[in-house]
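**Student:** next comes the sequence, and after it the predicted model I'd like to discuss.
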Amino acid sequence: MLAVLADPTMWVALFQIVIINVLLSGDNAVIIALACRTLPPKQQRNAFLIGTVAIVILMTALTAFAAILLKIPYVEMVGAVLLLWIGIKLLLPEGENEEVGSSENFWGAVKTIIIADIVMSLDNVLGMAGAAKGHLGLLFVGMVITIPLILFGSAVLMRLMERFPVIVTIGAGLLGYVAGEMAVEDPALKSHLAHAHYLEIALPILGALIVVCVGKALAARHAAVPTEG
C-alpha cells in the first residue's frame, strides 16, 4: 500500500482522472438538476446522494467494459434514443395526482439520473480508463473526489432553473445534442458518414430540435387537456 502511495505515476494518474471527470461532469450536473428540480428540498438532497453514488459505482464497473461496448454496432444508437426520450420526458409537466407524488417521483428522479448519466458517459469513460491504466481502484477514488463538485454544480443549476425556467429547455436540448453526437459515433453509422461530414454537425442539432420541439408540443397538449374532477 505504501509503495503505491509513494509511486508518483499513481498520483499523476489520479490527477488526470479527476481533471477529466471535472471537465466531463457538466452534463452530469445538468441531468441531476433537471431530474430533481420538482422534488422537495429534503428529497432533492437524498436523490443527489443516491444518484451520484450509484453513478460512481456503475461508472467504475462500466469502465472495464467501455472499450468493448463502444465497438458493438447500435449500442450508441440505442443510447441516443434513450437520451432523446429522457430529454423529452424532462420537459413534460409533473402528474397532477398528488397520491403518486413523493416516493414515486423520488425514485423516478434517481432512475433518470442513473440511466442518463451512464448512457452519456459511454464515450467519456474511455478517457478515464486510459488515465487509470487498468487500476479500477484508482478510478473509483478519482470519481469519489469529484462527487462534491458534481453535487455543487447541480445545486447551483437548480437554483438558476427556479429563477430562469428557460434553462430547463436548454438543458433538455443539450441531452438531444449529446444524443445526436452519440449516434454519429456509432460504428454502424460512422462508416456511412465518410462522405457526409455535415451530418456530424447536423445530427446533434437535429437531436436538440427533436427534444425541444416534441417536448414543448407534448407539454402544451398536456396543458390543454382539462383535468377531471
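**Tutor:** Done, it's in.
**Student:** name the element Cys213 belongs to?
**Tutor:** Using DSSP states H and E, Cys213 maps to helix 199-224.
**Student:** buried ones in that helix?
**Tutor:** Neighbour counts over helix 199-224 (16 or more other CB atoms under 10 Å) mark Leu199, Leu203, Pro204, Leu206, Gly207, Ala208, Ile210, Val211, Val212, Val214, Gly215 as buried. For glycine as for every other residue, the C-beta is placed from the backbone atoms N, C-alpha and C.
**Student:** distance from it to the middle of the chain?
**Tutor:** Relative to its chain's centre, helix 199-224 lies at 18 Å (CA atoms, centre = their mean, to the nearest Å).
**Student:** what is the rounded mean pLDDT of it?
**Tutor:** In this model, helix 199-224 has an average pLDDT of 90.
**Student:** and for stretch 158-172?
**Tutor:** For stretch 158-172, the per-residue pLDDT averages 87.
**Student:** show me the contact partners of it.
**Tutor:** Contacts to stretch 158-172, defined as CB atoms under 8 Å, 6 or more residues apart in numbering, come from residues 30, 33-34, 36-37, 44, 87-88, 90-91, 157, 211-212, 215-216.
**Student:** among these, name the ones in helices.
**Tutor:** Using DSSP state H, the subset of the contacts of stretch 158-172 located in helices is 30, 33-34, 36, 44, 87-88, 90-91, 157, 211-212, 215-216.
**Student:** sorry, back to before: redo the buried residues of helix 199-224 as TSV? Include distance to Thr169.
**Tutor:** As requested, the buried residues of helix 199-224 are exported to TSV (distance: CB to CB, whole Å):
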residue	distance to Thr169
Leu199	24
Leu203	20
Pro204	16
Leu206	16
Gly207	14
Ala208	10
Ile210	13
Val211	9
Val212	6
Val214	12
Gly215	8
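**Student:** ok, now which ones touch Ala183?
**Tutor:** Glu76, Met77, Ala80, Leu189, Leu203, Gly207.
**Student:** swap in Pro148?
**Tutor:** Counted by CB under 8 Å, 6+ apart, Pro148 has zero contacts.
**Student:** and what of Trp85?
**Tutor:** Contacts of Trp85 (CB under 8 Å, 6+ apart): none.
**Student:** and the gap between it and Leu203?
**Tutor:** Using CB to CB, to the nearest Å, one obtains 17 Å as the distance from Trp85 to Leu203.
**Student:** quick one on the thing from earlier: pull out the buried residues from the ones in helices among the contacts of stretch 158-172.
**Tutor:** Buried, going by 16+ other CB under 10 Å: 30, 33-34, 36, 44, 87-88, 90-91, 157, 211-212, 215, out of the ones in helices among the contacts of stretch 158-172.
**Student:** which one of those is nearest to Ile114?
**Tutor:** Proximity of those to Ile114 (CB to CB) peaks at Cys36, which lies at 12.5 Å.
**Student:** burial measure for the closest residue to Asp186 other than its chain neighbours, as a count.
**Tutor:** Leaving aside its chain neighbours, Asp186 sits nearest to Glu76 (4.0 Å; criterion: CB to CB, 6 or more residues apart in numbering). Residues contacting Glu76 under the criterion other CB atoms under 10 Å number 25.
**Student:** Glu185 is in contact with Glu76, correct?
**Tutor:** Yes - under the criterion of CB atoms under 8 Å, Glu76 makes contact with Glu185 at 5.6 Å.
**Student:** now the residue most central in space within the chain: which helix or strand?
**Tutor:** Central residue of the chain (CA atoms, centre = their mean): Asp117, 2.9 Å from the mean position. Under the criterion of DSSP H and E, Asp117 resides in helix 101-120.
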